[in-house]
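# Starting from these lines, generate the structure:
(2 chains, ligands or ions: 2)
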Amino acid sequence: MTRLVMNQDGMAPWRIVRGTLCLLVAVFLLAPLFVVVIISFSSAPFLQFPPPGLSLRWYVQLFSTPAWINALVVSVEMMVPAALLATIMGTAAAYALVRGRIPGARLVMACLMLPIIVPGMITAAALFGIYRGLGLNGTLTGLVIGHTVLNLPYVLATVSSALRVQDSRLEQAASTLGAPPWATFRRITLPLILPAVLSSLLVAMILSFDELIVSLFVSSARVRPVAVQMWSNVMGDFDPTIAAIASVCFLFALLVLVADLALRRGPRLT
Amino acid sequence: MIENVLELAGVAKRYDAVVAVDALDLRLQTGEFLTLLGPSGSGKTTTLMMVAGLQQPDAGTILLNGAPVTRLPPYRRDIGMVFQSYALFPHMTVRRNVAFPLEMRGLPKAEIARLVDEALALVKLPDHGDRLPKQLSGGQQQRVALARAMVYRPALLLMDEPLGALDKKLREQLQLEIKRVHRERGISVLYVTHDQEEALTMSDRIAVFNQGRIEQIGAPEDLYDRPATRFVASFIGDTNLLPGRSLGTSAGLCDVETAGGRLRAAVRAPIAPGVGVVVAVRPERLVVRPEGEGLSGTIVDVIFLGTARKYVVRLADGTECIALRQVSDPPLDLGNASVRVSWDIAHATAFEA
Ligand SMILES: Nc1ncnc2c1ncn2[C@@H]1O[C@H](COP(=O)(O)OP(=O)(O)OP(=O)(O)O)[C@@H](O)[C@H]1O
Ligand SMILES: [Mg+2]
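Numbers count the residues shown, from 1 in each chain, chains lettered A, B, ... in the order given. Ligands and ions are numbered 1, 2, ... in the order given. This is a model prediction of the structure:
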């Protein structure tokens, strides 16, 4: 049966169907993005598509509004340490759980993965409750800690799968050659899993920049990241500034994605 | 110099219900090439891993150059190890791989460069230093692994089936090279293989493993000519096993009643009359003649091997045995209705069945 379908004539219709489907999915996914980017250059004072004319006024507006600038600064101040912390702790945890002989390693792993399994709302409410006692609500520290917790599972998953793929005999060999554990990690393990580590750092930054629910609970009017600022903006006066900031976010994500691709393809020499 | 570079006393290791290594005693003399030979799952790798410090024994002690190392981590033992999978660091060039153990020992740069050059020359890869492991053939990778494990002159070199992944021709070539390096460097080697020919070719002594225990340890000729157990007799080389029954032992010789007639064979310990035995005789020790003394049988097959002919002889009771004769000896016909099979008593060994 399959043999008969496999000939050129039989393939052609299937190929057309498949191609059309892929195109539709791509359009469906990308079209809103393009609409947003185009609207951000609109000259109209309200969201309108197609825009009646082009201008940069919404970008000027964005970068001259203190609330937006403040939000961008807070986002960066939150996202960078949270991504770094999650990457360092997640990599260390993955190494210990995959390579070490820790009793109940699977259970520990499952617990650390909880933040992506538990609904965001619950994590957010829990953090809010804990922070109230500690006075961390509305602080940058609170945001950084919360986002570190949220990022950790992604780092853990990425790095531990990289570790599982890598032959642990390389580490055994290093050990017989006289390398103590730390030297083995730094000279052998880390260089080999570095693409996965850097990739999870970048993904953590995007996730953190984009995250709304925990940010909403934990932030304050003064310490308010971009995602929350956008949310309140959408709720209130609704002008193309929101399209401009969305385009900035999109550009940021795109850059990170390209960096990630370059990382994966780049040489792994040391 | 210390006489024994390595000494294992009562070393045991079990994995849950499986006893991988069972109360093992073993001594490796300085400069010696000792091979652990045995079937799959007999505990060779486990033994090596315990010597390396990559596995912890459940009991017993391990002495390296006279000092106890049982609880020392691998990086504090003075050993080198060559893995079957080579385990070269894929992100480092050949030079960096070989330099790694020297860097770990904090040697000065110039000294490292000199030693690396020397090691690469020793394994005949002086011009491959700047390549990555994946740019080398399997045999070349193996040589790099060897250079890396020896460059810092460890007290003991461990090798776990280092040639297992290579084809026969390359394997034989590298066997000779490893032997040459062993000779030139005077390094002590603990080698693991399940290939008996490899063990016979390379070793000063062989320890035959079976189910986590050493069945016999000795020079290759000893094991071949005077196997201590039936297992050793059948594991090393080809052997004929003739079933029979003991008629009693005197002066180290056992009289055996077989279906084809009576015979005598050497024994390690007396075997009481009436006990079932097998008599082991090597094919090249069997003498096949048209007539004379010995067990009677018929030739059922002749196989030409180039340097010898292999005769398959069916004895009166139906047991088939194999005899090797030089091609220079006059050939015997397949049709020869009846032949006589005999051997020198010294070359037959009887074991309790
Ligand atoms: N990590 C482990 N967990 C459980 N059992 C193991 C482990 N490693 C080895 N064993 C068992 O211990 C026994 C000895 O294994 P070992 O690897 O030492 O054998 P070997 O002589 O090296 O065999 P081979 O020639 O196949 O490499 C085997 O029965 C094996 O199944
Ligand atoms: Mg093994």
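
# For the residue of the stretch 1-150 of chain A found nearest chain B, give me the backbone phi and psi.
With Cβ to the nearest Cβ, the shortest gap between the stretch 1-150 of chain A and chain B falls at residue A:101, namely 10.4 Å. Every residue, glycine included, has its C-beta placed from N, CA and C. Phi and psi for residue A:101, reported as degrees, to the nearest 10, are phi -100, psi 70.

# Now do it: how many residues are near it, please.
6 (other Cβ atoms under 10 Å in any protein chain shown).

# contacting residues for it?
Not one residue lies near residue A:101 by Cβ atoms under 8 Å, 6 or more residues apart in numbering or on different chains.

# likewise residue A:176?
Applying Cβ under 8 Å, 6+ apart, the residues near residue A:176 are B:52-54, B:74-75, B:77, B:79-81, B:149, B:158.

# One more: residue A:159?
Residue A:159 touches A:90-91, A:94-95, A:193, A:196-197, A:200, counting by Cβ under 8 Å, 6+ apart.

# Just the element for the residue nearest to the spatial centre of chain B, please.
Closest to where the C-alpha atoms of chain B average out (Cα atoms, centre = their mean) is residue B:199, at 3.2 Å. Secondary structure assignment for residue B:199, by DSSP states H and E: helix B:196-202.

# what's that helix in contact with?
B:33, B:35, B:37, B:163, B:171, B:175, B:178-179, B:191, B:193, B:206, B:220, B:224, B:235-237.

# and it, which residues are buried?
B:196, B:198-200, B:202 (16 or more other Cβ atoms under 10 Å in any protein chain shown).

# Repeat that for stretch A:257-265.
Those would be A:260, A:263, for stretch A:257-265 by 16+ other Cβ under 10 Å.

# Contacts for that stretch next, please.
Against stretch A:257-265 from outside (Cβ under 8 Å, 6+ apart): A:195, A:198-199, A:202-203.

# ok, now with 7 Å
A:195, A:198-199, A:202 (Cβ atoms under 7 Å, 6 or more residues apart in numbering or on different chains).

# and it, how far from the chain's centre?
Offset of stretch A:257-265 from its chain centre (Cα atoms, centre = their mean, to the nearest Å): 14 Å.

# Now that stretch - C-alpha only, CSV.
The C-alpha coordinates for stretch A:257-265 follow below in CSV (Å, rounded to 0.1, in the frame of the first residue of the first chain):
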residue,chain,number,x,y,z
LEU,A,257,17.3,33.5,19.6
VAL,A,258,19.9,34.3,17.0
ALA,A,259,22.6,34.3,19.7
ASP,A,260,21.4,30.9,20.8
LEU,A,261,21.5,29.5,17.3
ALA,A,262,25.0,30.9,16.8
LEU,A,263,26.0,29.2,20.1
ARG,A,264,24.6,25.8,19.0
ARG,A,265,26.4,25.9,15.7
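
# mean confidence for it?
Mean pLDDT, computed over stretch A:257-265, is 81.

# Show me what the top helix by length along chain B packs onto, helices and strands only.
Assignment by DSSP state H gives helix B:168-185 as the longest helix of chain B. Counting contacts by 3 or more Cβ pairs under 7 Å, 6 or more residues apart in numbering or on different chains; DSSP states H and E, helix B:168-185 packs against helix B:138-150, helix B:196-202.

# hang on, the earlier thing: among the contacts of residue A:159, list the two that are farthest apart in space.
Using Cβ to Cβ, those span at most 13.2 Å, a distance reached by A:95 and A:200.

# neighbour-wise, which of the two wins?
Neighbour totals were compared for residue A:95 and residue A:200, and residue A:200 leads with 28 against 17 (other Cβ under 10 Å).

# which residues sit in contact with that one?
Contacts of residue A:200 by Cβ under 7 Å, 6+ apart are A:87, A:90, A:154-155, A:158-159.

# go on, residue A:40?
A:58, A:240, A:243-244, A:247.

# Recalculate using a threshold of 8 Å.
A:58-59, A:240, A:243-244, A:246-247.

# And residue B:51, by the same measure?
Residue B:51 neighbours (Cβ under 8 Å, 6+ apart): B:6, B:8, B:62, B:64, B:79, B:156, B:158, B:190.

# How many residues are close by the second one?
Residue B:8 has 22 neighbouring residues, counting by other Cβ under 10 Å.

# quick one, phi/psi of it?
phi -110, psi 130.

# swap in the last one?
The phi/psi pair for residue B:190 (degrees, to the nearest 10) reads phi -110, psi 110.

# Domain ranges for the chain, per the record?
No chain specified, so I'll use chain A. Domain ranges of chain A: A:2-40, A:58-265, per automatic domain parsing.

# nope, chain B
If you go by automatic domain parsing, chain B breaks into B:4-230, B:238-352.

# anything in the longest one near ligand 1?
Yes: part of domain B:4-230 sits near ligand 1 under the criterion Cβ under 6 Å from any ligand atom, namely B:15, B:18, B:20, B:38, B:40-46, B:194.
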